[in-house]
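>>> Coordinates for the following, if possible.
(one chain, ligands or ions: 2)
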Amino acid sequence: MLKIGVFGCGAIGTELCKAIDSGHIDVELYAVYDRHEQATIDLKEQLRNVDPKVLEIVEMVKHVDLVVECASQQAVYEVVPTALHAKCDVMSISVGAFADQNLLKTTTDLAKEYDCKIYLPSGAIAGLDGLKSASAKTIYSVTLTTEKHPRSLAGAPYVIQNNIDLDAITGKTVIFDGMASEAVKAFPANVNVAASLSIAGIGFDRTKVRIVANPALSRNIHEITVEGEFGMFTSRVENVPAPTNPKTSYLAALSAISTLKKIASPLQVGT
Ligand SMILES: NC(=O)C1=CN([C@@H]2O[C@H](COP(=O)(O)OP(=O)(O)OC[C@H]3O[C@@H](n4cnc5c(N)ncnc54)[C@H](OP(=O)(O)O)[C@@H]3O)[C@@H](O)[C@H]2O)C=CC1
Ligand SMILES: O=C([O-])CC(=O)C(=O)O
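Numbers count the residues shown, from 1 in each chain. Ligands and ions are numbered 1, 2, ... in the order given. Sure thing, here's the model as predicted:
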């Protein structure tokens with residue numbers, strides 16, 4: 001059975017571990033880690049059937065087949081190369097880190113050298129399957145519009161650097177309009193999905209991103225439009241936020257669960 005290590009015990013990591021604990025995914029949860037000891041304690045208290053060890057990444061990779069990063073873009077720089085050097089596969093949910101072309105190339109090269117895989121889940125969006133199919137021929141444009149409650153955008157570097165007063169926003173307001181390359185750094189906890197779209201489609205410098213703050217919303221909305229030689233499609237998800245992190249959509253946690261299930265399964269469905 002596949003041995004798993006989960007790095008990051010927040011909203012996504014906790015849901016993933018609970019899915020393993022309940023038997024929904026047929027893998028062994030061998031180890032977990034978070035920089036907050038309390039987060040690992042809280043997580044372990046929610047598990048009934050498994051009792052993972054708490055291991056830092058250097059120890060974790062000595063024992064597991066696959067590491068799941070669900071921590072932060074910053075963590076990707078430590079976790080992904082360390083896992084690959086140890087010949088572990090790795091799933092990374094903080095996909096925005098891969099806007100750094102150097103990181104993308106070095107980790108992809110490492111995976112090739114050690115015959116490992118890097119899995120990037122669809123996260124909080126729908127439509128990545130169609131975009132991947134469409135990318136077999138020319139794609140003309142990819143546009144993402146993300147609409148969230150202002151509180152879900154709090155703390156983003158772009159908001160801080162531009163002194164945006166989120167409390168003063170009373171109606172639907174576009175607060176960012178640019179390319180994915182900038183968006184994923186400006187909003188590292190909000191539009192990792194723009195990175196997945198960029199990698200699957202036409203790249204970080206051609207994928208358009210618009211971020212809208214809307215105090216009337218209780219859901220995180222991601223709307224995607226793709227135009228190409230195949231025709232065009234739009235996809236729109238209205239995501240319920242994760243119970244413990246309003247920045248994160250619940251679907252992102254479910255996506256990590258389903259990606260892990262797919263990795264562990266002999267039957268592969270979807271593009
Ligand atoms: N691809 C996608 O569609 C989506 C991606 N995400 C991304 O997934 C990741 C996890 O999201 P979520 O579970 O909601 O986040 P949470 O903040 O709920 O949990 C992450 C946990 O990991 C910890 N952590 C962060 N960096 C490190 C590190 N370098 N070393 C050890 N622990 C660390 C955090 O600590 P601390 O609080 O101190 O940072 C926190 O306890 C985030 O990067 C998020 O932006 C989220 C939603 C969708
Ligand atoms: O969960 C979401 O709505 C999307 C998100 O935060 C991200 O892509 O970083």
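>>> mind listing the helices for the protein?
Along the chain, counting by DSSP state H, helices occupy 11-21, 37-45, 57-63, 73-85, 101-113, 128-134, 157-161, 180-186, 192-200, 250-264.
>>> can the fourth one be found next to ligand 1?
Yes. Contact of helix 73-85 with ligand 1 (C-beta under 6 Å from any ligand atom) involves 73-75. (C-beta placed from N, C-alpha, C; glycine too.)
>>> so, in contact with ligand 2 or not, that helix?
No. If you take C-beta under 6 Å from any ligand atom as the test, helix 73-85 misses ligand 2, and the best it gets is 9.2 Å.
>>> what does the last one give?
Yes. Using C-beta under 6 Å from any ligand atom, helix 250-264 reaches ligand 2 at residue 252.
>>> elements contacting that helix?
On a contact count with 3 or more C-beta pairs under 8 Å, 6 or more residues apart in numbering; DSSP states H and E, helix 250-264 meets helix 11-21, strand 66-69, strand 89-92, strand 231-239, strand 241-242.
>>> Just the buried residues of the residues of helix 73-85 next to ligand 1.
73, 75 (16 or more other C-beta atoms under 10 Å).
>>> Could you export the residues of helix 73-85 next to ligand 1 as TSV, including pLDDT?
Below are these laid out as TSV (pLDDT from 0 to 100):
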residue	pLDDT
73	96
74	96
75	98
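>>> so who does the residue nearest to residue 242 when sequence neighbours are not counted touch?
Distances taken as C-beta to C-beta, 6 or more residues apart in numbering put residue 11 closest to residue 242, at 3.9 Å, once the chain neighbours are dropped. Contacts for residue 11 (C-beta atoms under 8 Å, 6 or more residues apart in numbering) come out as 242-245, 248, 253.
>>> Tell me what angle the least confident helix or strand in the chain by mean pLDDT forms with helix 192-200.
Ranking every helix and strand in the chain by mean pLDDT, DSSP states H and E puts strand 245-249 at the bottom, with a mean of 92. For strand 245-249 against helix 192-200, the angle by axes from the mean of the first three to the mean of the last three C-alpha atoms, to 10 degrees is 20 degrees.
>>> ok, now how distant is the residue positioned nearest the centre of the chain from ligand 2?
When the chain is reduced to its mean C-alpha position, the closest residue under C-alpha atoms, centre = their mean turns out to be residue 93, at 2.9 Å. The gap separating residue 93 from ligand 2 is 9 Å, by C-beta to the nearest ligand atom, to the nearest Å.
>>> ok, that residue touching residue 12?
Yes. Judged on C-beta atoms under 8 Å, residue 93 makes contact with residue 12 at a distance of 5.8 Å.
>>> Overlap of the contact sets of these two?
Common contact partners of residue 93 and residue 12 (C-beta under 8 Å, 6+ apart): 70, 252, 256.
>>> so which of the residues you listed comes closest to ligand 1?
Comparing these against ligand 1 with C-beta to the nearest ligand atom picks out residue 252 as the nearest, at 3.3 Å.
>>> What residues does the closest one make contact with?
By C-beta under 8 Å, 6+ apart, residue 252 lies in contact with 12, 93, 121, 123-124, 239, 242.
>>> Can you add pLDDT and give those residues back as JSON lines?
Below are those laid out as JSON lines (pLDDT from 0 to 100):
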{"residue": "12", "pLDDT": "98"}
{"residue": "93", "pLDDT": "98"}
{"residue": "121", "pLDDT": "97"}
{"residue": "123", "pLDDT": "97"}
{"residue": "124", "pLDDT": "97"}
{"residue": "239", "pLDDT": "97"}
{"residue": "242", "pLDDT": "94"}
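>>> If anything else comes up later, I'll come back, but that's it for now.
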